[in-house]
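# how would this look folded up:
(one chain, ligands or ions: 2)
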Amino acid sequence: MRWSELVVAELAEAGVQVRLTILGGGGFRVPLVYSALLSDRGEGRITSVRLYDTDRTRLAAIGSVLRQQASGIADAPVVTETTDLDEALRGADFVFSAIRVGGLEGRTIDERVALDLGVLGQETVGAGGIAYGLRTLPVALEIATRIAALAPDAWVINFTNPAGMVTEAMIPALGDRVIGICDSPSGLGRRAALALGLDASKAFYDYAGLNHLGWLRGLHAGGVDRLPELLADPAALGAFEEGRLFGADWLRTLGSIPNEYLHYYYFARETLAAVRSVETTRGKFLLEQQSAFYAETAGQPENALALWQRTRAEREATYMVESREIADAGERDERDMAAGGYEQVALSLMRAIAHNERASLILNVRNRGTLRHLDDDAVVEVPCTVDANGARPLTVSQLTDHQAGLVSAVKAVERSTIEAAVTGSRSSALRAFAWHPLIDSVTTAGRLLDGYVAQLPTLAPFRS
Ligand code: G6P
Ligand code: MN
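Ligands and ions are numbered 1, 2, ... in the order given. Below is the predicted model of the structure:
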């Protein structure tokens, strides 16, 4: 037995429990998180997983998948399910929040209402993201209040989208114990490092912005910033997704590599036209695919894992942000896929905290003076150092005027959305839509709000 295994065995014998609660535990991507946990053999690893969801069918299906994943693994984290939020939270050491308020049905409404009014309809960007935020924030705030009351020492990892906005809204109740995560910045950094033939784990990524609105401005390895070299090499840029998505010319002109979601801004007309030219939407596609999975699994729970794996493979084959598909950015590199997505970010974060093992990760945290264009309490997405004390932003270069302009505009939208959700004020909601850089008319902003109110019952307070 290695030393670390001895420690695990001793801790287990001593009954040291590390409990993870997953909110949105019936979600389709939960088995990815569980498989990341199964691969963690270290000391202080998660010993039990409590799944919480409002939907019993989904909860049962995912519970079956997880138990089948665990079969044959002696010390696998014990899985339990509940539909009672308070029961889910009591005694939790980590709370992973990945809920989708309104489900994929809600996502398709977010997309459709906007597209029908001639503006982008997308899960987190533009009008769709504001509608999703208005629907999600009241639930996220209630969760934050319950966590503060029942598990005040727990670390909260927020993956619930729109992640930046939701994390910022939860901070008044939870302080810096809530940390927002996303897989896209680390994915971009890794892909850029691989394109240069570098060891991605050793590089420092000078990345900054908001969630789904950031730029890689430097890639430091061995004391040298290698980004200029990458920007000057069309072949290397053509070797990874963001390079193909934005094109070598624009990247060289821009002088940085944007997060893939910035494609909706830099190529707004093209992405909108392309999204409108197809009949379905990403939300509708996933809704149909996942409804089939949950229905089938309810009928044959003994095949839950096999059904999940099949559905996942089909989803992977089409896995792409809509804009990626539109720009014909092609398939993801296999090495990149193998590196894992948000479940790896979540696991690295939990390990760094639980093991007091210093790690550097790009996370959504309070600015605290890092970016001088934003106030201290604004949640930003920047590299952080993480240990048992939580996450603290590292020093990065300042935003350029262009980056700061876009970031400030979208931060104002986020805050107006939060204000609307907290106060129920129609004016705040209307301002959020009207201020968004991808919504080009106040008249359209009003129609968007009315369109969402008409279809989403929980937005009734915003009726004119
Ligand atoms: C990435 C983003 C998430 C987003 C997801 C959408 O992982 O970081 O924030 O929710 O893509 O993927 P989907 O397969 O649901 O379209
Ligand atoms: Mn994300």
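
# doesn't Leu216 fall inside a strand?
Yes. Looking at Leu216 with DSSP: H, G, I helix; E, B strand; the rest coil, it is inside a strand.

# so who does it touch?
Shown in contact with Leu216 (Cβ atoms under 8 Å, 6 or more residues apart in numbering): 185, 188-189, 192, 205-207, 227, 256-258. For glycine as for every other residue, the C-beta is placed from the backbone atoms N, C-alpha and C.

# among the residues you listed, which are in strands?
Taking DSSP state E, the ones among the contacts of Leu216 that sit in strands are 205-207, 257-258.

# which SS class is the residue nearest the centre of the chain?
Per Cα atoms, centre = their mean, the C-alpha nearest to the average position across the chain is that of Cys182, at 3.6 Å. Per three-state DSSP, the local secondary structure of Cys182 is coil.

# ok, it - contacts?
Contacts of Cys182 (Cβ under 8 Å, 6+ apart): 159, 163, 211-212, 342, 345, 362, 364, 381.

# may I ask which of those comes out lowest in pLDDT?
Minimum pLDDT for the contacts of Cys182 is recorded at Tyr342 (86).

# tell me the pLDDT at the nearest residue to that one once chain neighbours are set aside?
The shortest distance from Tyr342 to any non-neighbouring residue, by Cβ to Cβ, 6 or more residues apart in numbering, is to Asp183 (4.0 Å). At Asp183, the pLDDT value in this model is 96.

# from Arg190, how far off is Asp183?
Going from Asp183 to Arg190 by Cβ to Cβ, to the nearest Å gives 10 Å.

# and those two? Which one has more around it.
Arg190 (21 against 18; other Cβ atoms under 10 Å).

# find the nearest non-adjacent residue to the more buried one, please.
Ala200 (4.3 Å).

# so what does that neighbour look like in phi/psi?
Torsion angles at Ala200 (phi, psi; degrees, to the nearest 10) stand at phi -60, psi -30.

# how near is it to Arg19?
Separation of Ala200 from Arg19 (Cβ to Cβ): 31 Å.

# likewise Ala454?
In terms of Cβ to Cβ, Ala454 sits 42 Å off from Arg19.

# who's more crowded, these two?
The neighbour count for Ala454 versus Arg19, taken as other Cβ under 10 Å, is higher for Arg19 (20 against 13).

# these two touch, right, the more buried one and Gly91?
Yes. In terms of Cβ atoms under 8 Å, Arg19 counts as a neighbour of Gly91; the distance is 5.9 Å.

# any chance you could map the strands in the protein?
Using DSSP E, strands in the chain cover 19-23, 48-52, 78-82, 94-97, 155-158, 178-180, 204-210, 213-221, 224-225, 257-258, 359-366, 379-387, 390-393.

# dump these to CSV, plus distance to Tyr132.
Shown next, in CSV, are the strands of the chain (distance: least, Cβ to Cβ, whole Å):
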stretch, distance to Tyr132
strand 19-23, 16
strand 48-52, 20
strand 78-82, 25
strand 94-97, 15
strand 155-158, 14
strand 178-180, 15
strand 204-210, 15
strand 213-221, 15
strand 224-225, 36
strand 257-258, 22
strand 359-366, 16
strand 379-387, 17
strand 390-393, 25
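
# just list whatever residues bridge to Arg392.
Thr385 (DSSP bridges).

# so it touches Val382, yeah?
No. Arg392 lies out of contact with Val382 (Cβ under 8 Å); the separation is 10.1 Å.

# any common contacting residues for those two?
Val365.

# who has more neighbours out of these two?
Neighbours were counted for Arg392 and for Val382 using other Cβ under 10 Å; Val382 has more, 26 against 15.

# the more buried one and ligand 1, how far apart?
Look at Val382 and ligand 1: by Cβ to the nearest ligand atom, to the nearest Å, they are 16 Å apart.

# what residues does the stretch 201-350 of the chain put near ligand 1?
282, 286, 319, 341-342 (Cβ under 6 Å from any ligand atom).

# quick check, nearest of the residues you listed to Ala151?
Tyr342 (21.9 Å; Cβ to Cβ).

# which ones are touching Ala127?
Ala127 touches 110, 113-114, 117, 119-121, 433, 436, 438-439, 448, counting by Cβ under 8 Å, 6+ apart.

# so which of those residues sit within helices?
Residues of the contacts of Ala127 located in helices (DSSP state H): 110, 113-114, 433, 448.

# returning to that earlier point: run a quick neighbour tally on the residue nearest to Arg190.
Neighbour tally, Ala200, other Cβ under 10 Å: 19.

# is it true that it touches Leu219?
No. Ala200 is beyond contact range of Leu219, at 9.7 Å (criterion: Cβ under 8 Å).

# who are the contact partners of the closest residue to ligand 1 within the stretch 251-400 of the chain?
Closest to ligand 1 within the stretch 251-400 of the chain is Arg282: 4.8 Å, counting by Cβ to the nearest ligand atom. Residues near Arg282 by Cβ under 8 Å, 6+ apart: 107, 111, 122-123, 322.

# quick one: pLDDT of it?
Arg282 carries a pLDDT score of 94 in this model.

# before we move on, what about the one 4 residues further on?
Reported pLDDT at Leu286 in the predicted model: 95.

# report how many residues lie close to it.
Neighbour number of Leu286 under other Cβ under 10 Å is 17.

# got it, and Gly42?
13.

# surely it is in contact with Asn356?
No. If you go by Cβ under 8 Å, Gly42 and Asn356 don't touch, sitting 12.0 Å apart.

# count of residues packed around Ala199?
Wrong residue type there; residue 199 is Asp, not Ala. Residue crowding around Asp199 was assessed by other Cβ under 10 Å; the count is 10.

# perfect, that will be all.
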